[in-house]
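[1] give me a 3D structure for the following:
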Amino acid sequence: MATLELKQLRCIRKQDVTGKDEPRIKVDGTPVWNDVVSKNGSVDIGVSVPFEGECSVIAEELNNTRPKQIGPAVIVRESGNPKHLTFKTSGCWYEVDFVVTPTAASATTGTAR
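    Take a look at the predicted model:
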């Protein structure tokens, strides 16, 4: 068992041509967070989700009520994770900082480059 703590989302390139993006994060298919962010902006997430073994994290951009998935799902494991979660398409790019805390080991931290 471990805990995935989603810390901060950075918007490198936004999906919407005008206005701000409305990113939503799902863990194992369940929406756990959404907010509003502008290009080159960041927003704190502050959500912790327990999981066992591994979990799937998806970023979506909401346009009214129609979500569009940004890039493929990212698999997070109890250890051996990337530095940050990257969600990217030809028109959009988000990065998410995170920490995984295993129940019986030291934490693995994800930070920006």
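
[2] what sits closest to the most centrally placed residue in the chain if chain neighbours are left out?
    Against the mean C-alpha coordinate of the chain, by C-alpha atoms, centre = their mean, the closest residue is residue 96 at 4.6 Å. In space, and not counting its chain neighbours, residue 96 is closest to residue 85: 4.2 Å by C-beta to C-beta, 6 or more residues apart in numbering. The way it works is simple: take the backbone N, C-alpha and C, and place the C-beta from them, glycine included.

[3] can you give me the end-to-end distance of stretch 14-33?
    Start and end residues of stretch 14-33 are separated by 18 Å (C-alpha to C-alpha, to the nearest Å).

[4] what helix or strand is the residue nearest to the centre of the chain located in?
    strand 93-102 (DSSP states H and E).

[5] re earlier: could you give the number of residues near the residue nearest to residue 96?
    Neighbourhood size, residue 85 [other C-beta atoms under 10 Å]: 24.

[6] got a list of what it touches?
    57, 59, 74, 76, 95, 96, 98, 110 (C-beta atoms under 8 Å, 6 or more residues apart in numbering).

[7] max-length strand in the chain?
    strand 2-13 (DSSP state E).

[8] quick check: next helix or strand after that one?
    strand 23-27.

[9] partner strands of that following strand and their direction?
    The strands beside strand 23-27 in its sheet (DSSP bridges) come out as strand 30-34 (antiparallel), strand 54-63 (antiparallel).

[10] pick the most deeply packed of the ones you listed.
    Greatest average neighbour count among those goes to strand 54-63 (a mean of 19), per mean count of other C-beta atoms under 10 Å.

[11] which ones are touching residue 54?
    Per C-beta under 8 Å, 6+ apart, neighbours of residue 54: 75, 76, 77, 78.

[12] for those residues, which one is nearest residue 19?
    residue 76 (30.1 Å; C-beta to C-beta).
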